[in-house]
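>>> structure for this input, please:
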Amino acid sequence: MRRVFVIATVVALLHAVDDAFVHRGPGYGLGQHAVAGLVALVGGIAAILAFPRLRPGLQSGVAFAFGVLALVNGAMHALHLEHGGPTGADVTGIAAAVAGVVLIGLAAAILWRHRGEASWRARALAVPAGLLMTYVVIAPMAMGIGATHKWREPVGSPPSAAYQRVAFEASDGLDLAGWYRPSENGAAVVVVHGGSSDRKGSVHHAKLLARHGYGVLLYDARGRGESDGSENNYGWDWPKDIAGALAFLKARDDVDPTRIGAVGLSTGADALIDAAGERDDIAALVTDGAAASSFADGERLNGTSPASVMPWVMFSTIRVVTGDRPTRPLEDQVRKISAPTLMISAGTGVERDFNVLYDEAAGDGPVEHWNLPSAHHTDAIHEHPEEYERSVAAFFDDAIGPRG
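Numbering: from 1, shown residues only. Alright, predicted model coming up:
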């Protein structure tokens, strides 16, 4: 049992080291994911040393926890192989997935081998304790790993010959790639896609704006598509990408630098709210599907309760794995926005509730909240196409002008 645990854990650790130090996100230095690599190494080595001294129930729990995390991480690489690959850390990732399955099997084997040895009281406590630990700690950690390891997909060709392939730098020097359609009216809009997406996810919004004469820049955020960096589904460093996108548009001869707007979808909406609270060069802002970007946002809406432990574990995992700092609380950032802002929310649940919170935080500021109760997250452009285009186009026409 010990030998199997040691071998499988070492295989999982090799992938953690590969992910953190060898095949880290392109453009990043060794320090970006160093904490994640060190935490994995220290935790894994400590578990290997302690394993023989643990009671069978704890041995099973440790093997199960390590197994789930290794399997989730490795499974993301297995899915990447299905969509393209192999690249980067896929080889060690697949090995980690196999090691995860072995560790989960080992956890079951330990319980079977030592069945009946513990007292009935210990067995009665073990089941709820194990379920609670899985629900409160292991599952949120797995979600955090999943949110930072989405595979990249091929971007393909631009939507039409009117779009140019472009490249520019984020404010921290990462190389970003995108498409740009020149402006016909002197104004331009940068479109920021959602988390785990890429520039393809914002093509419909780009086409809408282009139909009304606006120049449109759509690009891959860091860690997505063809851009440098690594994945963070919550976009904590995306304002640096937005800064680079705005600098690109300001340098264009076809764009009036005082007439630059922005559209953000889901995570892109969150990132734009954070960015717009710190900048005065976004002349008009549309956010579609903004919600929670960090643990602080959820706490502002729901308060603190025992249920807060799960999102705290997930967001803490994301911070360790990515090396990024969370965005500032969006409620605070909305209060600082000076540009005309249209916040679009879908449904009648938590997304609407967050947007109501942000609209109220803006007070008498230039923020308008438009809720579509029958729409789904960022799908209003497809589900209510005429109303959506009319509202968004009119908003930008009023804010940055349809002049030709």
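
>>> from here on, just use CA atoms for contacts and neighbour counts.
OK.

>>> so the chain: which segments form each domain?
Listed domain ranges for the chain are 2-146, 164-293+328-400 (source: automatic domain parsing).

>>> the strands in the stretch 51-200 of the chain, which residues?
If DSSP state E, counting those that start in this stretch is used as the criterion, the strands of the stretch 51-200 of the chain fall at 164-169, 175-181, 188-192.

>>> also the stretch 251-400 of the chain?
Using DSSP E, counting those that start in this stretch, the strands of the stretch 251-400 of the chain run over residues 260-265, 284-288, 341-346, 367-372.

>>> before we move on, back to that, and the domains of the chain: which comes nearest residue 308?
domain 2-146 (9.5 Å; CA to CA).

>>> just list whatever residues bridge to residue 181.
residue 216 (DSSP bridges).

>>> quick one, what contacts it?
By CA atoms under 8 Å, 6 or more residues apart in numbering, the residues touching residue 181 are 162, 163, 164, 210, 215, 216, 217.

>>> ok, the residue nearest to residue 114 when sequence neighbours are not counted - contacts?
Excluding the flanking residues, the one nearest residue 114 by CA to CA, 6 or more residues apart in numbering is residue 56, at 7.0 Å. Listed by CA under 8 Å, 6+ apart, the contact set of residue 56 reads 110, 111, 114.

>>> wait, residue 235 sits on residue 266?
No: with contact defined as CA atoms under 8 Å, residue 235 does not reach residue 266; the gap is 9.9 Å.

>>> which residues do the two both contact?
Common contact partners of residue 235 and residue 266 (CA under 8 Å, 6+ apart): residue 195.

>>> and these two? which has more neighbours close in?
Neighbours of residue 235 and residue 266, each counted by other CA atoms under 10 Å, are more numerous for residue 235; the result is 29 against 25.

>>> how many neighbours does residue 101 have?
Applying other CA under 10 Å, I find that residue 101 has 18 neighbouring residues.

>>> pick the most deeply packed of the strands of the stretch 51-200 of the chain.
strand 188-192 (a mean of 30; mean count of other CA atoms under 10 Å).

>>> so where's this structure uncertain?
83-85, 403-404 (pLDDT under 70).

>>> let's see 80
79-88, 116-124, 126, 402-404 (pLDDT under 80).

>>> check contacts around the residue positioned nearest the centre of it.
Geometric centre of the chain, nearest residue: residue 233, 0.6 Å, by CA atoms, centre = their mean. Residue 233 makes contacts with 147, 148, 195, 196, 267, as judged by CA under 8 Å, 6+ apart.

>>> now with 6 Å?
By CA atoms under 6 Å, 6 or more residues apart in numbering, the contact set of residue 233 is 147, 195, 196.

>>> can you get me a residue count around residue 350?
Using other CA under 10 Å, residue 350 is surrounded by 15 other residues.

>>> ok, longest helix in this structure?
When the chain is parsed with DSSP state H, its longest helix is helix 56-83.

>>> thinking again about what came up before, what's the closest of the contacts of residue 56 to residue 136?
Ranked by distance to residue 136 (CA to CA), those are led by residue 111 at 21.7 Å.

>>> next one: that closest one from residue 123, what distance?
11 Å (CA to CA, to the nearest Å).

>>> give me the three-state assignment for the closest residue to residue 222 other than its chain neighbours.
Leaving aside its chain neighbours, residue 222 sits nearest to residue 229 (4.8 Å; criterion: CA to CA, 6+ apart). Three-state assignment for residue 229 (DSSP: H, G, I helix; E, B strand; the rest coil): coil.

>>> returning to that earlier point: closest to residue 322 out of the strands of the stretch 251-400 of the chain?
Within the strands of the stretch 251-400 of the chain, the stretch nearest residue 322 is strand 260-265; the backing value is 21.6 Å (CA to CA).

>>> pull up the pairing partners for that closest one, direction included.
Strand 260-265 pairs in its sheet with strand 188-192 (parallel), strand 284-288 (parallel), by DSSP bridges.
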